[in-house]
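Novice: below is the structure, and that's it, no one-letter string:
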């Protein structure tokens with residue numbers, strides 16, 4: 001019987017290489033008999049010897065190990081060839097001839113290793129989820145949903161897949177449908193993964209939250225592998241075949257109790273191997289609990305009602321996943337952990353784990369690292385306003401590197417914005433006056449409510465946030481059906497978890513009070529901008545930083561990262577920029593910058609004056625006069641007063 005290695009061209013070429021090296025080394029001086037000469041001959045003999053041993057091994061992993069040893073010996077020989085030339089033992093022609101032969105063997109050897117790795121992957125891939133299709137095997141059945149555990153989204157993948165306890169984005173329909181109930185915005189994400197060899201993993205997801213009615217999420221996942229070699233019963237190659245698995249997931253999540261969310265998810269899976277096709281259906285139930293702003297928990301019971309359509313021995317096992325996320329160092333570091341238990345694996349309590357760490361390096365940049373039972377992962381994420389791009393890379397023990405990239409966007413109005421608009425409409429509706437005279441008790445009750453309500457507003461405006469919260473609670477006890485007070489209470493609870501009061505004088509104190517007022521009254525964008533301005537004035541103030549992180553998390557609005565010129569505040573920088581744009585005659589840009597300044601400093605005289613000048617230059621004299629008069633009310637200016645009087 002012919003040994004398998006003798007049919008390999010790389011082995012045949014390596015034998016020719018041995019002959020060439022033995023012939024050339026005869027020229028090496030005898031002084032090198034036990035040195036360079038012996039090393040070169042040992043190295044070249046190692047190449048065909050390890051190729052032969054690798055070809056004789058039954059396991060692909062072992063074969064790759066011996067082929068890799070042969071490649072290392074080839075590199076050793078290449079170095080020794082250079083040494084011989086430098087020492088004058090080989091001529092330029094002899095050196096070049098040997099280099100060409102080494103490169104030929106190297107090319108063939110790399111191709112062999114790649115081929116074996118591909119076979120190894122296909123074997124793992126098919127054995128893991130597809131063995132029922134192979135006509136030459138009689139498998140007992142596998143899990144057709146296993147490819148849904150590969151993970152998707154650059155952020156989740158970089159964290160090793162530890163995401164079921166922190167899935168507060170559009171990927172919740174994939175990792176934990178309960179977390180869909182947390183979403184504020186419509187979200188869309190696309191993700192593409194380059195796995196191993198000719199294998200890719202694609203993902204598209206959309207989430208649509210409804211006001212007080214939960215959130216729907218959809219995603220499509222596709223795993224594709226091409227170029228697998230088809231062989232007949234005589235092991236003769238018959239061309240290539242492809243394999244793909246596609247899953248459609250539809251999830252729904254809703255808040256049942258405060259900070260406790262429940263979700264359900266249905267999935268339809270289609271598996272195609274060559275000309276065969278099967279369908280599978282199953283349902284999941286998940287829960288998500290936000291204990292506080294630093295700790296969240298998630299559970300997911302997968303494949304509760306499995307259904308297989310077609311003639312197959314495949315089984316869909318029950319799967320349980322638990323995860324949590326915890327933030328430390330003022331939200332600068334996130335730790336996430338997932339533990340998985342599959343009903344088919346009865347030996348261990350936990351058969352799969354994932355752990356990940358995410359560090360916020362800059363406002364717009366996150367660095368991540370993760371580890372799970374099969375891979376080591378790493379990645380980074382870029383965030384700007386409602387856009388995010390995430391990239392991840394993973395190193396598999398056998399299959400090498402794989403890459404994953406995703407892009408996501410949030411759009412439309414947030415649920416809080418929609419709720420505020422609805423409340424505003426309700427407030428503007430005419431109030432129907434009841435017929436009859438109210439009783440003294442009713443009048444006293446209403447007067448007490450109004451007093452508490454106004455005192456609560458005055459308190460948070462003055463920076464006494466805890467006192468304001470307590471008074472709003474008392475007011476709610478008087479009129480439990482009031483629709484606005486629960487929102488004020490919820491927002492003040494978020495604030496008081498970080499800061500109970502801010503009554504210190506000075507610019508920073510004023511900004512904190514104004515920013516909190518914006519937030520309580522539902523203006524999230526202005527709140528984030530104002531607190532970010534306060535942080536720029538005191539960048540080492542840990543409390544302001546935590547408050548900004550909480551407002552960003554709640555509103556979904558990220559503070560714009562700005563770096564003013566040395567010695568300037570953000571407002572001074574914007575005033576300087578508005579002057580530059582004014583000189584460039586870009587007057588609408590001047591107006592926009594001045595509006596941003598007035599959000600941060602409502603009494604900024606220079607902003608009113610410059611915005612008035614911009615409108616004057618645009619031909620809107622009445623608007624300009626209105627703004628200039630506001631500036632004069634704050635600080636008199638005889639020259640400006642005289643100029644306004646001269647205007648017709």
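Specialist: Okay, I see it. These numbers come from a predicted model, not from an experiment.
Novice: where in the stretch 301-450 of the chain is pLDDT low?
Specialist: By pLDDT under 70, the weakly predicted segments of the stretch 301-450 of the chain are 311, 330, 345-347, 397-399, 426-438.
Novice: in it, what residue spans correspond to helices?
Specialist: 415-428, 440-462 (DSSP state H, counting those that start in this stretch).
Novice: TSV for those helices, including mean neighbour count?
Specialist: For glycine as for every other residue, the C-beta is placed from the backbone atoms N, C-alpha and C. Formatted as TSV, those follow (neighbours: other CB atoms under 10 Å):
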stretch	mean neighbour count
helix 415-428	13
helix 440-462	15
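Novice: let me have the ones you listed in CSV, extended by distance to residue 539.
Specialist: Formatted as CSV, those follow (distance: least, CB to CB, whole Å):
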stretch, distance to residue 539
helix 415-428, 28
helix 440-462, 25
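Novice: among the ones you listed, which is nearest residue 361?
Specialist: helix 415-428 (28.5 Å; CB to CB).
Novice: residues in contact with the closest one?
Specialist: 184, 209, 211, 413, 483, 484, 487, 522, 524, 555 (CB atoms under 8 Å, 6 or more residues apart in numbering).
Novice: of those residues, which belong to helices?
Specialist: Using DSSP state H, the members of the contacts of helix 415-428 that fall in helices are 487, 524, 555.
Novice: give me the below-cutoff pLDDT ranges for the stretch 451-600 of the chain.
Specialist: Scanning the stretch 451-600 of the chain for pLDDT under 70 picks out 561-567.
Novice: contacts only, for the closest residue to residue 389 other than its chain neighbours.
Specialist: Leaving aside its chain neighbours, residue 389 sits nearest to residue 382 (4.8 Å; criterion: CB to CB, 6 or more residues apart in numbering). Contacts for residue 382 (CB under 8 Å, 6+ apart) come out as 364, 365, 388, 389, 390.
Novice: one more time with 10 Å, if that's ok
Specialist: Residues in contact with residue 382 (CB atoms under 10 Å, 6 or more residues apart in numbering) are 154, 362, 364, 365, 366, 388, 389, 390, 391, 407.
Novice: of those residues, just the buried ones, ChimeraX syntax please.
Specialist: A single ChimeraX command selects the buried members of the contacts of residue 382 (16 or more other CB atoms under 10 Å):
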select :154,364,366,388,390,391
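Novice: just how off-centre is stretch 7-16 within its chain?
Specialist: Mean-position distance between stretch 7-16 and its chain equals 48 Å (CA atoms, centre = their mean, to the nearest Å).
Novice: and the helices in the stretch 151-300 of the chain?
Specialist: So, for the stretch 151-300 of the chain - with DSSP H, counting those that start in this stretch - the helices run 154-158, 172-175.
Novice: and the ones you listed as CSV, adding distance to residue 268 and mean pLDDT?
Specialist: As requested, these are exported to CSV (distance: least, CB to CB, whole Å; pLDDT from 0 to 100):
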stretch, distance to residue 268, mean pLDDT
helix 154-158, 22, 93
helix 172-175, 13, 94
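Novice: distance to residue 509 added to these, as TSV?
Specialist: Formatted as TSV, the helices of the stretch 151-300 of the chain follow (distance: least, CB to CB, whole Å):
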stretch	distance to residue 509
helix 154-158	37
helix 172-175	39
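Novice: of all those helices, which one is nearest residue 308?
Specialist: Comparing the helices of the stretch 151-300 of the chain by CB to CB, helix 172-175 comes nearest, at 21.7 Å.
Novice: quick check, nearest of the contacts of residue 382 to residue 161?
Specialist: Among the contacts of residue 382, residue 154 lies closest to residue 161 (CB to CB), at 12.1 Å.
Novice: setting aside sequence neighbours, what's the nearest residue to that closest one?
Specialist: residue 390 (2.8 Å).
Novice: residues in contact with that neighbour?
Specialist: Contact analysis of residue 390 by CB under 10 Å, 6+ apart lists 153-158, 189, 191, 366, 368, 379-383, 404-408.
Novice: in PyMOL, select just the buried ones from these.
Specialist: Command for PyMOL, covering only those of the contacts of residue 390 found buried under the criterion 16+ other CB under 10 Å:
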select buried, resi 153+154+155+156+157+158+189+191+366+368+379+380+381+383+404+405+406+408
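Novice: wait, which of the helices of the stretch 151-300 of the chain is closest to residue 621?
Specialist: Taking CB to CB, helix 154-158 is the member of the helices of the stretch 151-300 of the chain nearest to residue 621, at 52.1 Å.
Novice: unless I'm mixing things up, residue 246 is touching residue 269, no?
Specialist: Yes: using CB atoms under 10 Å, residue 246 is in contact with residue 269, at 7.1 Å.
Novice: which one's more surrounded, the two?
Specialist: Ranked by neighbour count (other CB atoms under 10 Å), residue 246 and residue 269 place residue 269 first, with 22 against 16.
Novice: ok, now how distant is that one from residue 248?
Specialist: Note on residue 269: its distance to residue 248, by CB to CB, to the nearest Å, is 8 Å.
Novice: who touches both of those two?
Specialist: residue 221.
Novice: how near is the closest residue in space to residue 484 that isn't next to it in sequence to residue 416?
Specialist: The shortest distance from residue 484 to any non-neighbouring residue, by CB to CB, 6+ apart, is to residue 423 (6.1 Å). Distance of residue 423 to residue 416, computed by CB to CB: 10 Å.
Novice: brilliant, that's me finished.
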